[in-house]
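1. sequence and predicted structure below; questions after.
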Amino acid sequence: MITLTLSNGPKVELEARRVARIRHAIPNDRDPKAKTRIDWVEPMLVIELPEFVAEAVKAKLPTLAALTLLDGTPVWFNAESASGPLRLVPSQQVNGALSALLINGKRQYVADTHKEVAAAISAAGGSPLPIPKDSLLSRIIDRLGLSNKAASREKDWD
(Lines give C-alpha, C1' and ligand atoms only; values in the text may rest on other atoms or scores of the structure.)
Protein backbone atom coordinates (compact mmCIF):
# COMPACT_ATOMS: atom_id res chain seq x y z
CA MET A 1 0.00 0.00 0.00
CA ILE A 2 1.08 3.56 -0.70
CA THR A 3 0.20 6.30 1.78
CA LEU A 4 -0.91 9.61 0.27
CA THR A 5 -2.62 12.76 1.52
CA LEU A 6 -6.05 14.02 0.50
CA SER A 7 -6.28 17.79 0.01
CA ASN A 8 -8.37 18.18 3.18
CA GLY A 9 -5.62 16.53 5.25
CA PRO A 10 -6.39 12.86 5.94
CA LYS A 11 -3.92 10.16 4.92
CA VAL A 12 -5.24 7.46 2.57
CA GLU A 13 -3.93 4.12 1.38
CA LEU A 14 -3.61 3.40 -2.33
CA GLU A 15 -3.42 -0.15 -3.63
CA ALA A 16 -0.97 0.20 -6.53
CA ARG A 17 -2.13 -2.87 -8.48
CA ARG A 18 -5.59 -1.30 -8.88
CA VAL A 19 -4.37 1.98 -10.39
CA ALA A 20 -5.64 2.65 -13.92
CA ARG A 21 -4.33 6.18 -14.54
CA ILE A 22 -2.41 9.04 -12.90
CA ARG A 23 -2.26 12.64 -14.12
CA HIS A 24 -1.83 16.22 -12.92
CA ALA A 25 -4.93 17.66 -11.27
CA ILE A 26 -6.77 20.15 -13.48
CA PRO A 27 -9.41 22.85 -12.78
CA ASN A 28 -12.21 20.47 -13.83
CA ASP A 29 -11.29 18.33 -10.81
CA ARG A 30 -12.67 21.17 -8.65
CA ASP A 31 -10.05 20.87 -5.92
CA PRO A 32 -7.55 23.75 -6.01
CA LYS A 33 -5.28 22.11 -3.40
CA ALA A 34 -4.95 18.83 -5.30
CA LYS A 35 -1.82 18.25 -7.35
CA THR A 36 -2.61 14.75 -8.66
CA ARG A 37 -5.62 12.75 -9.81
CA ILE A 38 -5.44 8.98 -9.46
CA ASP A 39 -8.06 6.86 -11.18
CA TRP A 40 -8.48 3.50 -9.52
CA VAL A 41 -11.52 2.17 -7.63
CA GLU A 42 -12.80 5.75 -7.76
CA PRO A 43 -11.04 9.02 -8.59
CA MET A 44 -8.73 10.22 -5.84
CA LEU A 45 -7.25 13.72 -5.57
CA VAL A 46 -4.08 14.07 -3.50
CA ILE A 47 -1.59 16.82 -2.67
CA GLU A 48 1.54 14.88 -3.63
CA LEU A 49 3.04 15.66 -7.04
CA PRO A 50 2.12 13.27 -9.86
CA GLU A 51 5.76 12.35 -10.50
CA PHE A 52 6.11 11.25 -6.86
CA VAL A 53 2.86 9.26 -7.02
CA ALA A 54 3.84 7.60 -10.32
CA GLU A 55 7.27 6.64 -8.96
CA ALA A 56 5.72 5.11 -5.83
CA VAL A 57 3.12 3.23 -7.88
CA LYS A 58 5.69 2.00 -10.43
CA ALA A 59 7.74 0.46 -7.62
CA LYS A 60 4.76 -1.81 -6.89
CA LEU A 61 3.16 -1.91 -10.36
CA PRO A 62 5.89 -2.51 -12.97
CA THR A 63 3.35 -2.31 -15.81
CA LEU A 64 2.91 1.43 -15.22
CA ALA A 65 3.76 3.31 -18.43
CA ALA A 66 3.74 6.98 -19.39
CA LEU A 67 2.63 8.98 -22.41
CA THR A 68 1.99 12.68 -23.05
CA LEU A 69 -1.38 14.38 -22.75
CA LEU A 70 -2.45 17.02 -25.26
CA ASP A 71 -1.42 19.81 -22.84
CA GLY A 72 2.14 18.42 -22.72
CA THR A 73 1.89 16.88 -19.23
CA PRO A 74 2.46 13.19 -18.59
CA VAL A 75 -0.24 10.59 -18.02
CA TRP A 76 0.71 7.31 -16.41
CA PHE A 77 -1.40 4.20 -16.97
CA ASN A 78 -1.41 0.47 -16.33
CA ALA A 79 -0.17 -0.92 -19.66
CA GLU A 80 -1.39 -4.39 -18.78
CA SER A 81 -5.01 -3.27 -18.91
CA ALA A 82 -4.62 -0.66 -21.67
CA SER A 83 -5.55 -1.21 -25.30
CA GLY A 84 -3.97 0.76 -28.09
CA PRO A 85 -2.90 2.48 -30.19
CA LEU A 86 -6.29 3.43 -31.57
CA ARG A 87 -6.88 4.96 -34.97
CA LEU A 88 -8.34 8.45 -34.80
CA VAL A 89 -11.16 9.52 -37.07
CA PRO A 90 -10.85 13.04 -38.54
CA SER A 91 -13.14 14.59 -35.90
CA GLN A 92 -10.82 13.27 -33.16
CA GLN A 93 -7.64 14.69 -34.68
CA VAL A 94 -7.83 17.99 -32.80
CA ASN A 95 -5.78 19.80 -30.16
CA GLY A 96 -2.63 17.91 -31.10
CA ALA A 97 -4.04 14.38 -30.71
CA LEU A 98 -1.88 11.96 -32.68
CA SER A 99 -3.16 8.73 -31.17
CA ALA A 100 -5.33 7.30 -28.41
CA LEU A 101 -5.64 4.26 -26.19
CA LEU A 102 -8.30 2.74 -24.01
CA ILE A 103 -7.69 2.78 -20.27
CA ASN A 104 -10.37 0.94 -18.32
CA GLY A 105 -12.68 1.25 -21.31
CA LYS A 106 -12.32 5.02 -21.71
CA ARG A 107 -10.47 6.69 -24.57
CA GLN A 108 -7.37 8.71 -23.65
CA TYR A 109 -6.10 11.04 -26.39
CA VAL A 110 -2.35 11.57 -26.42
CA ALA A 111 0.20 13.72 -28.22
CA ASP A 112 2.31 10.63 -28.92
CA THR A 113 2.33 8.78 -32.24
CA HIS A 114 0.79 5.35 -32.75
CA LYS A 115 4.30 3.84 -32.72
CA GLU A 116 5.14 5.60 -29.43
CA VAL A 117 1.89 4.36 -27.84
CA ALA A 118 2.61 0.79 -28.95
CA ALA A 119 6.20 1.02 -27.70
CA ALA A 120 5.15 2.37 -24.28
CA ILE A 121 2.56 -0.37 -23.81
CA SER A 122 4.99 -3.07 -24.93
CA ALA A 123 7.93 -1.79 -22.84
CA ALA A 124 5.80 -1.91 -19.69
CA GLY A 125 4.68 -5.49 -20.32
CA GLY A 126 1.37 -4.84 -22.04
CA SER A 127 0.15 -6.13 -25.39
CA PRO A 128 -0.24 -3.30 -27.91
CA LEU A 129 -2.67 -3.46 -30.79
CA PRO A 130 -1.32 -3.34 -34.35
CA ILE A 131 -0.29 0.12 -35.55
CA PRO A 132 -3.33 1.68 -37.30
CA LYS A 133 -2.75 2.26 -40.98
CA ASP A 134 -4.44 4.74 -43.26
CA SER A 135 -5.91 2.76 -46.13
CA LEU A 136 -8.37 3.31 -48.95
CA LEU A 137 -10.99 1.40 -46.96
CA SER A 138 -10.46 3.50 -43.83
CA ARG A 139 -10.78 6.72 -45.88
CA ILE A 140 -14.05 5.45 -47.42
CA ILE A 141 -15.38 4.55 -43.97
CA ASP A 142 -14.42 8.03 -42.71
CA ARG A 143 -16.18 9.68 -45.67
CA LEU A 144 -19.35 7.69 -45.02
CA GLY A 145 -19.24 8.69 -41.36
CA LEU A 146 -19.30 5.08 -40.18
CA SER A 147 -16.15 5.35 -38.08
CA ASN A 148 -17.58 8.29 -36.08
CA LYS A 149 -20.47 6.09 -34.94
CA ALA A 150 -18.13 3.30 -33.84
CA ALA A 151 -15.70 5.69 -32.15
CA SER A 152 -18.45 7.45 -30.21
CA ARG A 153 -19.28 4.35 -28.13
CA GLU A 154 -16.32 4.86 -25.81
CA LYS A 155 -16.28 7.65 -23.26
CA ASP A 156 -13.27 9.94 -23.15
CA TRP A 157 -10.94 10.63 -20.24
CA ASP A 158 -10.47 14.29 -19.37
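-> Ah, there it is. Numbering: from 1, shown residues only.
2. how many residues are close by Lys11?
-> By the criterion of other C-beta atoms under 10 Å, Lys11 has 9 neighbours. For every residue, glycine as well, the C-beta is placed using N, CA and C.
3. tell me the domain boundaries of this structure?
-> Domains of the chain are assigned by automatic domain parsing as 1-61, 67-158.
4. same list (the ones you listed) but as JSON lines, adding mean pLDDT.
-> JSON lines is the format used below for those (pLDDT from 0 to 100):
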{"stretch": "domain 1-61", "mean pLDDT": "96"}
{"stretch": "domain 67-158", "mean pLDDT": "83"}
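5. which residues are in contact with the residue nearest to Ala59 when sequence neighbours are not counted?
-> Residue nearest to Ala59 in three dimensions, not counting chain neighbours: Ala16, with 7.8 Å by C-beta to C-beta, 6 or more residues apart in numbering. If a contact means C-beta atoms under 8 Å, 6 or more residues apart in numbering, then Ala16 has Met1, Ile2, Ala56, Val57, Ala59, Lys60, Leu61 as its contacts.
6. if we use 7 Å, what do you get?
-> Ile2, Val57, Lys60, Leu61 (C-beta atoms under 7 Å, 6 or more residues apart in numbering).
7. most neighbours among those residues, which one is it?
-> Val57 leads the contacts of Ala16 on contacts (other C-beta under 10 Å) with 22 neighbours.
8. secondary structure class for it?
-> helix (DSSP: H, G, I helix; E, B strand; the rest coil).
9. quick one: it and Thr63 touch, right?
-> No - taking contacts as C-beta atoms under 7 Å, Val57 lies outside contact range of Thr63: 10.2 Å.
10. which residues does Arg37 bridge with?
-> Using DSSP bridges, the bridge partners assigned to Arg37 are Arg23, Leu45.
11. appreciated, that's everything.
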